[in-house]
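K.L.:
Let me see the structure of the following:
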Amino acid sequence: MKKITAIFLVCLFVFQANAQVKTVRAQAEVVNELLADRFNNLLPSLMQKNNMDCWVLMTREYNEDPIVKTMLPAEWLSARRRTILVFYNNPKTKNLEKYAIARYAVGTEIKAAWDVDKTPNQWEALASILKQLNPQHIAINMSADFGHADGLDHTEYTEFMSYLNKEQKAKIISSEPLAVAWLETRTAKEMQYYPTLLQITHAIIKEGFSNKVIKVDQTTTTDLEWWFRQKLSDMGLTTWFHPSVEIQRRSSKNADNVIHRGDFLHVDFGITYLRLNSDVQEQAYVLLPEEKEVPSNLVAAFEQTNQLQDILTNSFAVGKTGNEILANALKIAKSQGIQPSIYTHPIGMHGHAAGPTIGMWDMQNGVPGSGDYKMNPNTCYSIELNALHSLKDWDRPVRVALEQNGFFNGNSFSYIDGRQTKIIPIKFD
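P.N.:
Presented below is the predicted three-dimensional model:
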């Protein structure tokens, strides 16, 4: 009876994880709803805040600007031919005007504004609209510090500039502050869906780190990595990076990648859903035959790494740069006897997203450029870090590496679907 109940609970758990995933059509409806909300309720305020009244984005099919990709309707899997978008925040009417200098309307939000019969040349049509709007600035996607905001390629830039007059050329500026703000800012509507994304992520990790999937002395880390990939495919989901599974052991002499009892496991795993991304690292321990729970010294090490997470997120504040947050958190952690390494990044429309970089694994003294960017409210972060611990009976320091996704509202930080506070035990009879 116990075995039947256990099987039922596992099946129920798997069913619930799958049931959360909407059909492709339903996903498209959500994506378009979220996009319309961003265009109509977010973008005007961002343009005003950054003192940019005109934003021009140019891209070509299969060579998409990363930001244009976030603006395409769900039915578009790529740009069409050359797609040019113009956003004008009209200072007189206080309305955001949206133009597609393209052969097609871009979804329902951006109407086509190119009369091909009247003006056959697409660049001349764009220059004509800019002359008509006469904005103070013409912002284009050029950025030294953020690849996400540097999507205007050389050919498009050269062609565009050749059709502008001297006055228009003088108005050209980098869109970087606006572009990064567009990518990093999460709306209230998006945050209604983000918890589901993390619930699915956590559920898949929990299933992967179980004796349902792992066969002790048989399953390899490579097997498990591909199980995660296959699981996503079977659920109709995708990932933005290949999962990784690692093993730490009491003795470093055994370096095979087969999972044995006594192994301390680590996974790095994330999914893409509704154009949002997750990025999660969790730890599990395979119990020895005589063990009923995770060893106390591993538990203590894990709890100290949770403490490092708290030190970092308690350092968050609007207006602080990523480098300032990093330096403060490292200083406090070291004063408390923790051996920290912090490499936290924004997350959202991209896995490694635009916004303040808070350390990199090989840059613990600060990150020039993106680390100098200041933190803003209504932004999401992947709290990615590790701490080293010297444990009895382990022949080298144990690294507890954690990563969880959370939301900063400007006053406080909260995990979107909680965080791992206990090592996952994996038991075999």
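K.L.:
Going by C-alpha atoms from here, please, whenever you check contacts or count neighbours.
P.N.:
OK.
K.L.:
just how off-centre is the strand or helix carrying N405 within its chain?
P.N.:
Taking DSSP states H and E as the criterion, the element that holds N405 is strand 398-408. Computed by C-alpha atoms, centre = their mean, to the nearest Å, the separation of strand 398-408 from the middle of its chain amounts to 14 Å.
K.L.:
mind listing the helices for the stretch 251-400 of the chain?
P.N.:
Along the stretch 251-400 of the chain, the segments classed as helices by DSSP state H, counting those that start in this stretch run 296-313, 322-335.
K.L.:
Can I get those helices in TSV including distance to A188?
P.N.:
Converted to TSV, these look like this (distance: least, C-alpha to C-alpha, whole Å):
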stretch	distance to A188
helix 296-313	21
helix 322-335	24
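K.L.:
And those: which comes nearest K131?
P.N.:
Minimum separation from K131 across these (C-alpha to C-alpha) falls at helix 322-335, 39.4 Å.
K.L.:
Please enumerate the helices of the stretch 1-150 of the chain.
P.N.:
Using DSSP H, counting those that start in this stretch, the helices of the stretch 1-150 of the chain run over residues 2-19, 24-37, 43-49, 66-71, 122-133.
K.L.:
Show me what counts as buried in the shortest one.
P.N.:
Within helix 66-71, the residues scored as buried using 16 or more other C-alpha atoms under 10 Å are 66-71.
K.L.:
any idea which of these is the one closest to M349?
P.N.:
Comparing every one of those with M349 (C-alpha to C-alpha), the shortest separation belongs to T70, at 7.3 Å.
K.L.:
and the closest one, what does it touch?
P.N.:
275, 349 (C-alpha atoms under 8 Å, 6 or more residues apart in numbering).
K.L.:
Just give the closest residue to A102, not the sequence neighbours.
P.N.:
Spatial nearest neighbour of A102, chain neighbours left out: T83 (5.5 Å); criterion: C-alpha to C-alpha, 6 or more residues apart in numbering.
K.L.:
got it, and Q122?
P.N.:
Distances taken as C-alpha to C-alpha, 6+ apart place I101 nearest to Q122, at 7.0 Å, with adjacent residues excluded.
K.L.:
what about whichever helix or strand comes after the strand holding N405, average pLDDT?
P.N.:
The element immediately downstream of strand 398-408 (helix or strand, assigned by DSSP H and E) is strand 413-415. Averaged across strand 413-415, the pLDDT comes to 98.
K.L.:
and what of stretch 224-232?
P.N.:
Per-residue pLDDT values across stretch 224-232 average out to 97.
K.L.:
can you check stretch 367-376 too?
P.N.:
Stretch 367-376 comes out with an average pLDDT of 96.
K.L.:
One more: stretch 157-176?
P.N.:
Averaging pLDDT along stretch 157-176 gives 95.
K.L.:
ditto for stretch 272-287
P.N.:
Along stretch 272-287, the predicted local confidence has a mean pLDDT of 98.
K.L.:
now do the same end-to-end measure for that stretch.
P.N.:
Distance between the boundary residues of stretch 272-287 (C-alpha to C-alpha, to the nearest Å) amounts to 32 Å.
K.L.:
ok now that stretch, how far from the chain's centre?
P.N.:
Relative to the chain's own centre, stretch 272-287 is displaced by 12 Å; criterion: C-alpha atoms, centre = their mean.
K.L.:
still on that earlier bit, possible to save the helices of the stretch 251-400 of the chain as TSV with distance to V30, mean neighbour count and mean pLDDT?
P.N.:
Rendered in TSV, the data for those read as follows (distance: least, C-alpha to C-alpha, whole Å; neighbours: other C-alpha atoms under 10 Å; pLDDT from 0 to 100):
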stretch	distance to V30	mean neighbour count	mean pLDDT
helix 296-313	30	19	98
helix 322-335	32	20	98
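K.L.:
Quick one: name whatever helix or strand follows the helix or strand harbouring L178.
P.N.:
Assigned by DSSP H and E, L178 belongs to helix 176-184. Moving toward the C-terminus from helix 176-184, the next helix or strand (DSSP H and E) is helix 188-208.
K.L.:
Show me what that next one is packed up against.
P.N.:
Helices and strands in packing contact with helix 188-208 are listed as helix 2-19, helix 24-37, helix 221-235, strand 264-269, strand 276-277; criterion 3 or more C-alpha pairs under 8 Å, 6 or more residues apart in numbering; DSSP states H and E.
K.L.:
As CSV, could you dump the C-alpha coordinates of the third one?
P.N.:
Spelled out, that is helix 221-235. The C-alpha coordinates for helix 221-235 follow below in CSV (Å, rounded to 0.1, in the frame of the first residue of the first chain):
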residue,chain,number,x,y,z
THR,A,221,26.0,13.5,-14.5
THR,A,222,25.7,13.5,-18.3
ASP,A,223,22.7,11.3,-18.2
LEU,A,224,21.0,13.6,-15.7
GLU,A,225,21.9,16.7,-17.7
TRP,A,226,20.2,15.2,-20.8
TRP,A,227,17.2,14.1,-18.6
PHE,A,228,16.6,17.7,-17.7
ARG,A,229,16.8,18.7,-21.4
GLN,A,230,14.4,15.9,-22.4
LYS,A,231,12.0,16.7,-19.6
LEU,A,232,11.7,20.3,-20.9
SER,A,233,11.2,19.1,-24.5
ASP,A,234,8.5,16.7,-23.4
MET,A,235,6.7,19.5,-21.5
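K.L.:
which strands and helices sit next to it?
P.N.:
Secondary-structure packing of helix 221-235 (3+ C-alpha pairs under 8 Å, 6+ apart): helix 188-208, strand 244-248.
K.L.:
Which one of those lies nearest to V400?
P.N.:
Across those, the minimum distance to V400, taken as C-alpha to C-alpha, is reached by strand 244-248, at 9.8 Å.
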